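Asks: Sharing a model that was predicted from the sequence below.
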Amino acid sequence: EERRCCDLMRRSIGRQMQSQERTKPGAAGKFSLVRRGLRVFLEPRPVLEAVVAAGATLLIASLCLLGLYLDGVSALKEEVRSGLVRTATAVATLVDGDLHRTFTRPEQEASDDYRRAVAPLQKILRGRGDVRFLYTMVLANKLPCIVLDATPPGDADRDGVEDHSPIMQPYTTPAPALLDALQTGKAQADSEAVKDQWGIYFSAYAPFRDSAGRMAGIVGVDMRADNFAARMAVMRRSLWTGLSMALSVCAVFGVGVWWLRERVRTMHRMRLAAEEELRLSEAKFRALTEHSPDVIMRFDREGRHLYVSPSVTRCFGFRPEDWVGKTHRELGFAPECCAFWEDNIRSVSQTGKAVEREYRMETAAGPAIFDIRLFPEPGPGNSPATIYGVCRDVSAHRRAERHYQMIFDSMIEGVAVHELLCDDHGKPVDYRFLAVNPAFERLTGFKKEDVVGRTARELFPGLEDIWITTYGKVALTGEPAHFENHAKDLGRWYEVIAYRPMPGEFVTIFSDITERKRAEEERAQMEEHIRHVQKLESLGVLAGGIAHDFNNFLMAILGNADLAVEELPADSPARSSLVEIRSAALCAADLCKQMLAYSGKG
């Protein structure tokens, strides 16, 4: 079954790649042309093998050219070295070894013996235009020292450097062949041309002996390397010409081979990419199905199981292999359950549209509610070939919903869920009712169908901005709020608690405290009345005390006024004044009686 799924996914990916190729503008024709060309040129293996053989042949030809060049260089060097060794050996026979031993000081150059000894060397130097220097050397203090120099004194080149070396002048930079010739007494030649201040030349060294047969020194011959360099230049040009031709041919073949191989690699990479994508898709599908808590199924059009994920064992107790190839009826499910699956699978197969249903099924742990989603897998002609199903156990979720709804509906406080509405600048301007409980209807008088979906300003045209500001702060910051407020539109007092369940929304829990507020107002009025009565009582006590004391003073005034009236004669001028005083005191006494009556002490 897994191989079957893989084949289907491969075909699906192939169709996707073909559709992508068709949708590329201007690339479909080129790609198919290249593919046909590759099929023609790459399918016959001899063609590819011939190309490889041609490239190998060209490489071997290049290697042969390089080998011939190296052999030619070696032969040319050997020819020059052997000729020099022969020349040096011939010159060594002209040197008198016994006489040569007598030259040890520079001043001996003026002697006839020195001129006689160096004359053969000078004659050869003048006769051979290719010989640059001709000299003899001995080993003194472990350094080569020149004894006879065929170059006459005062003979300098264009560079102005003196070419003649005096007797016993040491040579501080001897070549290895020179030292070897002085130490071993064998004829030697430099393996490579030497370059110094006098130019580029080859050197050869041959020993000469005295009459006793002992080595008296060596003869050194320095030959100009101009002829050698010219012949080397010709050989190098020939080599580069051959290599250039070989490289040109190789480049042409290389480009052709590269183009062919590149196209092959491109197609190979595309195949590998498709295989890797398929492998990753298979791995993701396997990881998704094997580790998903949901039961993932795959059916044919008759409702027969083609694949079941391992989570089916936890839900129903069957192993996945027990399901494959069987329908629900063959597995022993209840008839109504089988009818449910058959009807929905038939609907998806006929309409090609996905369906989602909830169904109660018996599981190993008891009855459970499953959310079942069925969707088609397109086949040839866009008709569903198979149907995928995903079964999710939503029993706990539905149970939690019922508990939540029960709590929501049975709360004695009013509960409302709101959505905050903001303007383009993010400022709260209104809020919409999303859900209310029955207590909300009872406390506000609004019906649920008249509230849900409407905004607060639509329900309460006179809504104060403080409500929008307070609730907006809760919904935006998550900081809960607890306050009391008076709803003018309803004429009621409410105690409100607001909190945010998620960003952009808030929940209000409120209770009607109108009766409590009225009781508080009545209690405040009663307390005010009591305070007023107490104030009046205090004033009465104060008035009674004042009236009693004042009455005592009036009694003294009346008594003294009566005594004064009796003692004064009838024609006295003060008598009328005392009568007025007594009348005023009697009026004040009446006033005191009234005050005492008010205070309850009359």
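Replies: Received, thanks. Residues are numbered from 1 along each chain as shown.
Asks: what sits against the residue lying closest to residue 312 once chain neighbours are set aside?
Replies: Once its chain neighbours are removed from consideration, residue 312 has its nearest residue in residue 295; the separation is 4.9 Å (CB to CB, 6 or more residues apart in numbering). The way it works is simple: take the backbone N, C-alpha and C, and place the C-beta from them, glycine included. Going by CB atoms under 8 Å, 6 or more residues apart in numbering, residue 295 touches 308, 309, 311, 312, 315, 389, 390, 391, 392.
Asks: 10 Å instead, please
Replies: With contacts defined as CB atoms under 10 Å, 6 or more residues apart in numbering, residue 295 is in contact with 289, 308-316, 320, 323, 370, 372, 389-393.
Asks: and those residues, which are buried?
Replies: With neighbours counted by 16 or more other CB atoms under 10 Å, these contain buried members at 289, 308-309, 311-313, 315-316, 320, 323, 370, 372, 389-393.
Asks: State the distance from residue 409 to residue 309.
Replies: For residue 409, the distance to residue 309 under the criterion CB to CB, to the nearest Å works out to 38 Å.
Asks: do the same with residue 134
Replies: Counting by CB to CB, the gap from residue 134 to residue 309 is 101 Å.
Asks: same thing with residue 224?
Replies: Counting by CB to CB, the gap from residue 224 to residue 309 is 92 Å.
Asks: So what's the predicted local confidence for the residue nearest to residue 312?
Replies: On pLDDT, residue 295 comes in at 86.
Asks: Can you spell out which helices and strands pack onto the strand ranked longest in the chain?
Replies: The strand that spans the most residues within the chain, counting by DSSP state E, is strand 366-378. Here strand 366-378 touches helix 2-23, strand 295-299, helix 312-316, helix 335-351, strand 355-363, strand 384-393, helix 395-410, going by 3 or more CB pairs under 10 Å, 6 or more residues apart in numbering; DSSP states H and E.
Asks: could you redo the last one with a cut-off of 8 Å?
Replies: Using 3 or more CB pairs under 8 Å, 6 or more residues apart in numbering; DSSP states H and E as the contact criterion, the elements in contact with strand 366-378 are helix 335-351, strand 355-363, strand 384-393, helix 395-410.
Asks: Wait, residue 374 touches residue 387, no?
Replies: Yes. Using CB atoms under 8 Å, residue 374 is in contact with residue 387, at 5.6 Å.
Asks: Next, show the common contact partners of the two.
Replies: 345, 348.
Asks: So residue 206: helix, strand or coil?
Replies: Assigned by DSSP: H, G, I helix; E, B strand; the rest coil, the conformation of residue 206 is strand.
Asks: So for stretch 447-467, what gets flagged as buried?
Replies: Residues of stretch 447-467 classed as buried by neighbour count (16+ other CB under 10 Å): 451, 455, 456, 463, 467.
Asks: In helices, which of those residues fall?
Replies: 451, 456, 467 (DSSP state H).
Asks: Just to be sure, residue 177 is in a helix?
Replies: Yes. Checked against three-state DSSP, residue 177 lies within a helix.
Asks: residues contacting the nearest residue to it once chain neighbours are set aside?
Replies: If you skip the residues right next to it in sequence, residue 177 has residue 188 as its closest partner in space, 4.1 Å away by CB to CB, 6+ apart. Residue 188 makes contacts with 85, 177, 178, 180, 181, 204, 205, as judged by CB under 8 Å, 6+ apart.
Asks: Recalculate using a threshold of 10 Å.
Replies: Residue 188 is in contact with 81, 84-85, 88, 175-182, 203-207, 218, counting by CB under 10 Å, 6+ apart.
Asks: Just the buried ones from these?
Replies: By the neighbour-count criterion of 16+ other CB under 10 Å, the contacts of residue 188 include these buried positions: 81, 84-85, 88, 175, 177-179, 181-182, 203-207, 218.
Asks: so how far is residue 481 from residue 499?
Replies: For residue 499, the distance to residue 481 under the criterion CB to CB works out to 8 Å.
Asks: Find the residues that touch each one of the two.
Replies: Here residue 499 and residue 481 have 474, 506, 508 as joint contacts, going by CB under 10 Å, 6+ apart.
Asks: just checking, the second one touches residue 476?
Replies: Yes. Shown here, residue 506 and residue 476 form a contact pair, counting by CB atoms under 10 Å, at 9.3 Å.
Asks: okay, these two: which has more neighbours?
Replies: The residue with more neighbours, out of residue 506 and residue 476 and counting by other CB atoms under 10 Å, is residue 506; that gives 26 against 17.
Asks: so that one sits in a helix?
Replies: No. Under three-state DSSP, residue 506 falls outside any helix and is assigned strand.
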